[in-house]
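Undergrad: Just need the structure, nothing else, for what follows:
(chains A and B)
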Amino acid sequence: MDSVINDSTNTHTITEKSSVFSSGVLSKRKAKQAKRMYRHIRGEKIFKRALTLTGIIIITLVFGILLTLFLQSLPSIKALGLRFFWTKTWNPVQNVFGALPFLIGTLITSFLALIISVPFSIAIAIFLGEYFPKGGFSNFIKNTIDLIAAVPSVIFGFWGFFVLVPMIRLLETKIGVMPNGVGLFAASLVLAIMIIPYAASIGTTMIKMVPSSLKEGAYALGATRWEVLRNVILPYSKSGLFAGILLSLGRAIGETMAVTMVIGNANFLPKSLFAPGNTMASVIANEFTEADHPVYLSALIEMGLFLFLVTFVINFIGKKVIKRATKNS
Amino acid sequence: MNTKLKYRIAKNRGMRWFTILLAFACVLPLALILIYIIKSGISAINWNFIVNIPKPVGETGGGIANALIGTLIIIIVATIISVPIGIMCGIYLSENKKSKIAYWASMCVDILQGVPSIVIGIVAYFWLVRPMGGFSALSGSIALAVMMFPIIIRSTEETLKLLPDSLKEAAYALGMPFHRVILKIIIPCGFSGIISGVMLSVARVAGETAPLLFTAFGNPYIETNLGKPMQSLPLLIFNYATSSYKDWQNLAWGASLVLLVLVLTLNMLTKIMTRKWKVQL
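TA: Numbers count the residues shown, from 1 in each chain, chains lettered A, B, ... in the order given. Next up, the predicted model:
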């Protein structure tokens, strides 16, 4: 609005001046200027409205996604109720749908991936945040980690299927379980590689944010670098590190293609870590285009809705924690 | 006392090397993937690979021309859809920090960023594929555009936040209207940051497979009609990698190499740009 007022005062002074000199040109010029001003004001309004509109588009989009998922999963919610999350039989031929195997599969793969990736991501965060914050050494690591985040998940899956799975099969024959190769363990391993960059990059910023006066105080007391890390930096930045891990968990839960390619796609409760299984995302990817019965399709969408809500809650908590951690310093 | 000090120093040194070791261990997977894909993919790539379409099982040769063209079309259309809306929404969020709508929109961008890609595929299926009466490249493009929004919006917003207020104030003081300030001052000044955000989002969605499974679906022939199913590189990799024919797997390795080179190049370019212009994402 400020600019509109500016504009009108401008034109006013100009017209006053010109009226002194020639009255013949005046009306023409005045009309021209009025027209231009009108155009400016109108353009301004249109532009501001268009900007607001894009904001509204995003809001509608998200609520539309939620609404669509909910409406489309209504048949399954009506037909199956809460039983959907309890029962363990998934048999599309007889229209029996229990999502427990996929819930368990998602839970196991994402948490195992988290357990594998946490030491690595915290190590990278310490490495980049404290030991080597600058220089070629850290640039190399940072760029590599960023590139891992950029590799498409389908390529991770492809590589996992042809490189990791045979290796796991070898391991399985060594320890004496059924050599499937594919299974929950393979999926967790691939997922772990995929989520390291997210936790690491957030952790790095959090460790870099530790005030230097705290560190200097500890060094002044004669602490070694590791003691400073252990007793000052890690406790100070632990909520931020936790948030990073949480956000990477959100990634792991929704990850589809890589998991689909290495998990083995078996629709029953996995008996061990090395058994083939399925996650919610992978079962949707596998069966969505084959779902011919309304309740079948709707059951898959209900899983999608559940996935959406779970990732939303996890991301929400993670972002809240990060916001609070950044506000403190 | 002396032994304790020695112990502490040794522990310090030990933990440092342990951390360095773990950090470097993370480089290993990328190196392994790169080496393996280059090794398996390079033999598949030649001129025929680029200009031919996949041959049916049993015939040797064939290429990925259909997937290359499909990927290109789908991504260009997605970019055309997402860039204007994304940039405008980014401007809106950075200009109106206090308004209620902006607050909600900002929340929604956060939510959208976290939505699993497969869920976007499902929704695109119901919004576009069902009403249009079949799988189509356009619905795939729109699904990808939705995935591009959050990245473009956030990068635009962050870039504009970094611009000094005095720039805008000077323009206002000269009597420039709001929309001209945005179009002539703000956007050109933040151009590099905005463009690198766009490139990053293209790199992200270029490898997306899950949303395309239910929308663009794949097609063994060259297709340029947006209303028809279309092949794309990630889809081709997914479909051919899981097949049991050696020829098709080789095709998938070649396609993986092409996709990986494409995505990593875009990412590196973005990195170089942001470093050169000192814009942070």
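Undergrad: Work out for me the element the residue nearest to the spatial centre of chain A sits within.
TA: The centroid of chain A falls nearest to A:R251 when counting by C-alpha atoms, centre = their mean (5.2 Å). Counting by DSSP states H and E, the element that carries A:R251 is helix A:238-254.
Undergrad: Then B:T224 would be within a helix, right?
TA: No. B:T224 is assigned coil when assessed by DSSP: H, G, I helix; E, B strand; the rest coil, not a helix.
Undergrad: Which helix or strand contains residue 32?
TA: Since you didn't name a chain, this refers to chain A. Counting by DSSP H and E, A:K32 is part of helix A:23-80.
Undergrad: should've been chain B
TA: Per DSSP H and E: helix B:27-42 holds B:L32.
Undergrad: Give the rounded mean pLDDT of that helix.
TA: Mean pLDDT, helix B:27-42: 90.
Undergrad: List the buried residues in it.
TA: By 16 or more other C-beta atoms under 10 Å in any protein chain shown, the buried positions in helix B:27-42 come out as B:27, B:29-30, B:33-34, B:36-37, B:40-41. Every C-beta, even on glycine, is put in place using the N, C-alpha and C of the backbone.
Undergrad: Report the buried residues of the helix or strand following that helix.
TA: Of the helices and strands lying after helix B:27-42 in sequence (DSSP H and E), the nearest is helix B:47-51. Buried residues in helix B:47-51, counted by 16+ other C-beta under 10 Å: B:F49.
Undergrad: Can you list the helices and strands that helix B:47-51 packs against?
TA: Applying 3 or more C-beta pairs under 8 Å, 6 or more residues apart in numbering or on different chains; DSSP states H and E, one finds that helix B:47-51 contacts helix B:65-95.
Undergrad: List the contacts of the spatially closest residue to A:V182 that is not a sequence neighbour.
TA: Sequence neighbours aside, A:G264 is the residue nearest to A:V182 in space, at 3.8 Å (criterion: C-beta to C-beta, 6 or more residues apart in numbering or on different chains). Going by C-beta atoms under 8 Å, 6 or more residues apart in numbering or on different chains, A:G264 touches A:180, A:182-183, A:186, A:275-278.
Undergrad: Show me which of those residues are buried.
TA: A:180, A:182-183, A:186, A:275-278.
Undergrad: and the residue most central in space within chain B, helix, strand or coil?
TA: Centroid check for chain B by C-alpha atoms, centre = their mean gives B:R204 as the closest residue, at 1.4 Å. What three-state DSSP gives for B:R204 is helix.
Undergrad: Per-residue pLDDT of B:K276, please?
TA: Here the pLDDT value assigned to B:K276 is 68.
Undergrad: for B:M1, same thing?
TA: At B:M1, pLDDT is 64.
Undergrad: Would you mind listing the residues in contact with residue 68?
TA: Because you didn't say which chain, this covers chain A. Counted by C-beta under 8 Å, 6+ apart, A:T68 has contacts B:123, B:126-127.
Undergrad: oops, I was thinking of chain B
TA: Contacts for B:L68 (C-beta under 8 Å, 6+ apart) come out as B:50, B:233, B:258.
Undergrad: and what of A:V190?
TA: If you count contacts by C-beta under 8 Å, 6+ apart, then A:V190 has A:156-157, A:160, A:164, A:258-259, A:262 around it.
Undergrad: And B:I45, by the same measure?
TA: B:254, B:257-258.
Undergrad: Let's see that with 7 Å instead.
TA: Going by C-beta atoms under 7 Å, 6 or more residues apart in numbering or on different chains, B:I45 touches B:254, B:257.
Undergrad: B:Q113 now?
TA: B:Q113 neighbours (C-beta under 7 Å, 6+ apart): B:P150.
Undergrad: Secondary structure element for it, which one?
TA: Using DSSP H and E, the element containing B:Q113 is helix B:100-114.
Undergrad: which is the next helix or strand following that helix?
TA: helix B:117-124.
Undergrad: residues making contact with the helix or strand just after that following helix?
TA: Toward the C-terminus, helix B:117-124 is succeeded by helix B:130-132 as the next helix or strand (DSSP H and E). Identification of contacts with helix B:130-132 by C-beta under 7 Å, 6+ apart yields B:S139.
Undergrad: from the middle of its chain, how far away would helix B:130-132 be?
TA: On the basis of C-alpha atoms, centre = their mean, to the nearest Å, helix B:130-132 sits 26 Å off its chain's mean C-alpha point.
Undergrad: in the following helix or strand past that helix, what counts as buried?
TA: Where DSSP H and E defines the elements, the next helix or strand beyond helix B:130-132 is helix B:137-162. Residues of helix B:137-162 classed as buried: B:137-160 (neighbour count, 16+ other C-beta under 10 Å).
Undergrad: What pLDDT does the model give residue 14?
TA: No chain was given, so I picked chain A. 48.
Undergrad: That was the other one, I meant chain B.
TA: B:G14 is assigned a pLDDT of 93 by the prediction.
Undergrad: What of A:F21?
TA: Residue-level pLDDT assigned to A:F21 equals 47.
Undergrad: quick one: the residue nearest to the centre of chain A and A:A199 touch, right?
TA: No. Judged on C-beta atoms under 7 Å, A:R251 makes no contact with A:A199 at a distance of 9.1 Å.
Undergrad: What ranges in the stretch 151-281 of chain B fall below the confidence cut-off?
TA: B:276-281 (pLDDT under 70).
Undergrad: OK, contacts around the residue of it found nearest chain A?
TA: Proximity of the stretch 151-281 of chain B to chain A (C-beta to the nearest C-beta) peaks at B:G207, 2.3 Å away. Applying C-beta under 7 Å, 6+ apart, we find B:G207 in contact with A:152-155, B:234, B:259, B:263.
Undergrad: picking up where we left off before, roughly how far is the helix holding B:Q113 from the heart of the chain?
TA: Offset of helix B:100-114 from its chain centre (C-alpha atoms, centre = their mean): 20 Å.
Undergrad: could you pull out the strands for chain A?
TA: Counting by DSSP state E, chain A has these strands, from start to end: A:90-91, A:96-97.
Undergrad: And the ones you listed: which comes nearest chain B?
TA: Chain B sits nearest to strand A:96-97 of all the strands of chain A, at 16.2 Å, using C-beta to the nearest C-beta.
Undergrad: Can you list the neighbours in contact with the closest one?
TA: Identification of contacts with strand A:96-97 by C-beta under 7 Å, 6+ apart yields A:76, A:80, A:84, A:89-90, A:295, A:299.
Undergrad: And the helix or strand where B:R275 lies, what does it pack against?
TA: B:R275 is part of helix B:246-277 when elements are defined by DSSP H and E. In terms of contacts (3 or more C-beta pairs under 7 Å, 6 or more residues apart in numbering or on different chains; DSSP states H and E), helix B:246-277 is packed against helix A:136-150, helix A:153-159, helix B:27-42, helix B:191-206, helix B:233-241.
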